[in-house]
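>>> what's the 3D shape of this:
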Amino acid sequence: LQSDEDRRASTPTPLHAAPAATAAGEPLHWLSIEEASARFAAGTLSPVTLLDAVLERLDAVEPTLHSFVLDMRSSAMAQAEASAGRWAAGTALSAMDGIPIALKDIYDTEGAITAGGCFALRDRVPDADAHTVHLLREAGAVFVGKSYTVEFASGGLLNPQYRDEITPNPWNL
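Sure, this is the predicted structure:
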């Protein structure tokens, strides 16, 4: 595994954009959960600003990576705004409060299409969260979208029945 510093230094050139940055020039989308939540607590960063930076990065790399099957930015913005209010009031739910994350399409998410990469389930909208999603929601995580999985996470890289694009390795396209 790469350290955060090594990972930041090895960002692939074709995917590197000039995203929103911290005062030190570090792109906000590289902040760790610990770094972001410390900045939320200190009032030097808002969950809304972090989400904007993550969405900017997503817009820059998604045409190459094909990582997402469901964009949830509208509900993510509402979640980030609610989180910003909690941090400002000193009532953050956890260190995860306001942290943007992607949910794998294998995890049931109440009110959001969850197909598990299965063409037959492409319109399935669960009425309850999977336990993991429930815990993340209770912690205040911000759900950016659902990321691609092959059918029922069964292995391989391509599921032509579900979609034609392959999600490549972002570190070695």
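
>>> now do the strands in this protein.
Ranges of strands within the chain are 68-71, 100-104, 142-147, based on DSSP state E.

>>> out of these, deepest packed?
Of all those, strand 142-147 has the most neighbours on average by mean count of other C-beta atoms under 10 Å, namely a mean of 23. Glycine gets a C-beta too; all of them are placed from N, C-alpha and C.

>>> let me see the mean pLDDT of it.
Throughout strand 142-147, pLDDT has a mean value of 97.

>>> from what I can see residue 140 touches residue 96, true?
Yes - using C-beta atoms under 8 Å, residue 140 is in contact with residue 96, at 5.8 Å.

>>> circling back to that earlier point, mind putting the strands of the chain in TSV, distance to residue 87 included?
Shown next, in TSV, are those (distance: least, C-beta to C-beta, whole Å):
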stretch	distance to residue 87
strand 68-71	25
strand 100-104	14
strand 142-147	12
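
>>> got any ranges where this protein has weak pLDDT?
Applying pLDDT under 70 to the chain flags residues 1-24, 157-158.

>>> repeat that for 50
For the chain, the stretches with pLDDT under 50 are 1-19.

>>> do you have the helices of it handy? List them.
Applying DSSP state H to the chain gives helices spanning 4-9, 33-42, 47-65, 73-89, 131-138.

>>> mind checking the ones you listed for the one nearest to residue 26?
helix 4-9 (7.3 Å; C-beta to C-beta).

>>> how deep is residue 169 tucked in, by neighbour count?
9 (other C-beta atoms under 10 Å).

>>> nice, that's everything, thank you.
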